[in-house]
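Let's see this in three dimensions:
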Amino acid sequence: MLKDLFVEKHWESFKKVIFYTFCGLVCVFLIMPNFIVVPISFSGARFLEFPPKTYSWQWYQNYFETEEWVSATITSFEVAILVTICATILGSLTAYGLVRGRFPGKNIINSFIISPMVTPVLVTAVAIYKIYSDLGLTGTLIGFTLAHTIMALPFVVIVMTANLRGINVEVEQAARSLGANRITTLRRVIFPLALPGMIAGGLFAFLISFDELIIALFISSPTLSTLPKKLWDGIRTEINPTIAAVSTLLVLLSVLVLLGAGMARKYFEKKTQ
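Presented below is the predicted three-dimensional model:
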């Protein structure tokens with residue numbers, strides 16, 4: 001009996017060690033490229049060189065002083081902010097309808113909404129390019145916003161669906177029984193409770209839009225392109241450490257956004273306790 005308990009206890013400890021070791025190796029595998037890109041971004045050489053023999057800020061300076069890089073960055077921020085607003089509003093309302101609604105075909109609608117997650121991005125990009133060519137939306141801010149919203153919407157819907165299912169329906173019913181209409185209940189009861197999920201979904205939408213490349217390759221124009229598209233062009237035409245500097249800044253932005261999402265979630269969890 002004691003022997004069995006001893007073996008079981010050590011077997012559980014062994015499984016934990018294996019699990020955490022595996023997770024650690026995966027994290028190292030994912031993070032490893034940054035240990036190469038970041039040092040290259042500070043290289044003093046004119047070409048990509050690892051490890052750098054000299055160090056300099058010149059490639060960051062070149063990024064901020066080059067009009068094409070700055071213009072592409074501004075465009076990416078404009079598109080990402082618009083996508084965040086559109087995807088968060090549409091995704092939150094859609095998730096509420098799917099969670100609280102009782103209507104035929106709900107599962108089909110849900111599958112249609114999340115289909116951009118399982119459809120190859122290249123297929124979606126070709127379809128969007130064909131439609132945009134007919135409508136004259138290629139190389140436009142609204143075109144980028146609509147296309148990226150399509151890609152970001154499923155993520156917001158999934159996050160908000162999980163969040164709304166955690167909200168007790170009796171709270172909503174109590175508000176309705178006290179005379180609040182559906183819009184007032186949404187505005188003053190449901191959405192304040194679901195605010196952490198909305199923030200998380202919005203930040204995911206921002207990152208998806210800001211990092212998206214494949215669709216941008218199809219619908220960009222010489223006068224309007226995003227930062228990932230400019231980065232792609234830089235890899236093809238000018239191999240210098242500026243692309244490493246831009247990559248480092250993109251990684252830093254992603255880390256900051258994810259940290260912001262985590263801090264916001266913890267803040268609202270403490271506030272609601």
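
the helices in the stretch 1-150 of the chain, which residues?
Secondary structure of the stretch 1-150 of the chain, counting by DSSP state H, counting those that start in this stretch: helices at 2-31, 34-41, 58-65, 67-100, 106-118, 121-135, 141-165.

And those helices: which comes nearest R187?
Nearest to R187, of all the helices of the stretch 1-150 of the chain, is helix 67-100, at 11.7 Å by CB to CB. C-beta here means a position set from N, CA and C on the backbone, and glycine is covered the same way.

can you count the residues close to V37?
Applying other CB atoms under 10 Å, we find 20 residues neighbouring V37.

ditto for the one 4 residues further on
Using other CB under 10 Å, S41 is surrounded by 23 other residues.

repeat for G143
23.

Got the confidence number for it?
At G143, the model reports a pLDDT of 89.

Chain neighbours aside, what residue packs nearest to it?
Among residues not flanking G143 along the chain, L137 sits closest, at 3.6 Å (CB to CB, 6 or more residues apart in numbering).

Do I have it right that the one you found meets L146?
Yes. With contact defined as CB atoms under 8 Å, L137 reaches L146; the gap is 7.4 Å.

Ignoring the adjacent residues along the chain, who's closest to S221?
Distances taken as CB to CB, 6+ apart place G139 nearest to S221, at 2.6 Å, with adjacent residues excluded.

quick one, domains of the protein?
As recorded under automatic domain parsing, the domains making up the chain are 2-32, 68-238.

hang on, isn't the residue nearest to S221 packed against T226?
No. Taking contacts as CB under 8 Å, G139 lies outside contact range of T226: 11.1 Å.

Give the burial count for I150, as a bare number.
Using other CB under 10 Å, the number of residues around I150 comes to 18.

just L213 next, same as before
Counted with other CB under 10 Å, the neighbours of L213 add up to 14.

And for the one 5 residues further on?
Residues lying near F218 (other CB under 10 Å) number 19.

How about the one 3 residues further on?
Other residues within reach of S221 by the criterion other CB under 10 Å amount to 10.

pLDDT value on it, please?
The score at S221 is 82. That number is its pLDDT.

Tell me the spacing between S221 and V83.
Per CB to CB, to the nearest Å, S221 is found 19 Å from V83.

should've said Y60
For Y60 relative to V83 (CB to CB), the value is 27 Å.
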